[in-house]
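Student: here you go, sequence then predicted model.
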Amino acid sequence: MKFFKEIYRIFKQFFRLPSYLANFLFGTFYYDNFLAKSQKHYFGKLSPNDKIVIFLIFPDCGVSKSHLRTLRYFIKNNFTPLIVSNLPLSNKDKNLILEYSWALIERKNFGYDFGGYRDGVLFISEKIIDLDKLILVNDSTWFPIIDNNSFIDFIDNSNLDFIGATSHYGFIRPRLPSTKKGLLKPQFNFNNKNFHYASYFLSFSKKILKDKNFLKFWKNLRLSGRKNIVVRRGEIGLTQYVIKNKKYSHGSFINSEKLEDSLKDLSRDALLRVSRETIIENASLRKFKSKFIKNIDSFSKDELIAFILIQVSRQIIVFSLIKFLIEDFKFPFLKKMLFKLDKPSAEEAYKIIKSLDKDVYEEILFEINTNEALKRFLFTN
């Protein structure tokens, strides 16, 4: 069976090759010379300062209160919003957005988030070397879900040149063990070729913005209509560009390299709670968790930590440990995708939003109820 699956995979890749080549060779050319001509620019009520946030939105159900919450948060912290919308807006939504922004770009949805980020960066290309800080953020999360958080203080005071909220693929991915003896802690390594800071939030210092190669990266970025290619060229490509340039420092609000130390500081009872509360979407990982969770009460602290880290190594941390991050680190992001994965994930994510402040909970719940993709597992199954 495994042999036939591999043969099928090879045939599938072969037949997709022409499409991959077209995307690789002509994706950016096609966008810049055809799709980009349909861009529309509007100017809002705010004036730009030396701290700009490019906020990429995909308002398939219109501009929401959570969009405005994000904008107010950045304005309060002295960032001027530049909005990039991957969908056309109604006149009502357009006027609302312009109340909270310096400018709005409406564009064709090509290149996903990095396509939109690219248009935003190129829009400010003449100003970019004069900026003190630039943030890229998108609406794939609700943010901020916690008002009293230290996130922006971390961005302003960390002295890091390149900052993400979280990172992916930092842990070496072990084979899933079949016995308790196989529960070994995966090691963290920045040098993993796929290591990257997640694109839902990225921050750049003045030092990077003054480097002409930063703007060159965005001008030369090869766009694609395929998500996996965008991740490889965008998220991974940008992170590796920064890391390979040894003069830049980098890090994230949730430092996965120190996750093991954070878990060691917890009591055994707290580790048991975290182990039970992980949100798992991956089928093989779910089987792994189901198998070991039956006897979890017999695990030592080290075994519990290994059990948790193995899950993080094979699934992004903002899925697997999101409840722990919010409760213990006041992590102010919640991925909307949690409601789209499956019924168990949606139900666990709903418990999280129920625990938030009333206003935030009601905003998110309203958005869920007006979006079929978000509510399907909660209210129709």
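Tutor: All right, it came through fine.

Student: how about low-confidence regions in the protein?
Tutor: 1-26, 379-381 (pLDDT under 70).

Student: same thing but at 80, please
Tutor: 1-27, 225-228, 230-231, 379-381 (pLDDT under 80).

Student: so it: which segments form each domain?
Tutor: Following automatic domain parsing, one gets these domains for the chain: 2-33, 38-178+180-256, 258-379.

Student: buried ones in stretch 146-156, by neighbour count?
Tutor: 146, 149, 151-152, 154-155 (16 or more other Cβ atoms under 10 Å). C-betas here are computed from N, CA, C, even on glycine.

Student: actually stretch 91-98, not the one I typed
Tutor: Buried residues in stretch 91-98, counted by 16+ other Cβ under 10 Å: 93-94, 96-98.

Student: grab the nearest non-local neighbour of residue 41.
Tutor: Take residue 41 and drop its neighbours on the chain: the residue closest to it by Cβ to Cβ, 6 or more residues apart in numbering is residue 105, 5.8 Å away.

Student: please list all residues in contact with the one you found.
Tutor: Residue 105 sits next to 39-41, 82-85, 116, 119-120, 123 when contact means Cβ atoms under 8 Å, 6 or more residues apart in numbering.

Student: export those residues to CSV and tack on distance to residue 244?
Tutor: Shown next, in CSV, are the contacts of residue 105 (distance: Cβ to Cβ, whole Å):
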residue, distance to residue 244
39, 32
40, 37
41, 34
82, 28
83, 32
84, 27
85, 33
116, 25
119, 25
120, 24
123, 27
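
Student: which one of those residues is nearest to residue 177?
Tutor: Nearest to residue 177 among the contacts of residue 105, counting by Cβ to Cβ, is residue 116 at 41.0 Å.

Student: can you pull out the strands in this structure?
Tutor: 40-43, 51-57, 80-85, 103-106, 133-138, 141-142, 162-164, 167-168, 196-197, 201-205, 250-252, 334-335 (DSSP state E).

Student: for residue 288, which of those strands is the nearest?
Tutor: Short answer: strand 167-168, nearest of these by Cβ to Cβ, at 19.1 Å.

Student: thought residue 151 was touching residue 254?
Tutor: No: with contacts counted by Cβ atoms under 8 Å, residue 151 stays clear of residue 254, the gap being 10.2 Å.

Student: joint contacts of those two?
Tutor: Counting by Cβ under 8 Å, 6+ apart, the residues touching both residue 151 and residue 254 are residue 165.

Student: nearest residue to residue 214 other than its sequence neighbours?
Tutor: residue 208 (5.4 Å).

Student: and what of residue 219?
Tutor: Closest residue to residue 219 apart from its sequence neighbours, by Cβ to Cβ, 6+ apart: residue 122 at 7.0 Å.

Student: would you check how far apart that neighbour and residue 364 are?
Tutor: In this view, residue 122 and residue 364 are 33 Å apart by Cβ to Cβ, to the nearest Å.

Student: ok, the two, which is more surrounded?
Tutor: Neighbours around residue 122 and residue 364, counted as other Cβ atoms under 10 Å, are more numerous at residue 364. The numbers are 26 against 17.

Student: residue 243: neighbour count?
Tutor: Using other Cβ under 10 Å, residue 243 has 16 other residues around it.

Student: again with residue 304
Tutor: 20.

Student: surely it and residue 269 touch.
Tutor: No: judged on Cβ under 8 Å, residue 304 makes no contact with residue 269 at a distance of 10.2 Å.

Student: picking up where we left off before, so which of the strands of the chain comes closest to residue 262?
Tutor: Between residue 262 and the strands of the chain, the shortest separation by Cβ to Cβ is 13.2 Å, and it involves strand 250-252.

Student: no further questions, thank you.
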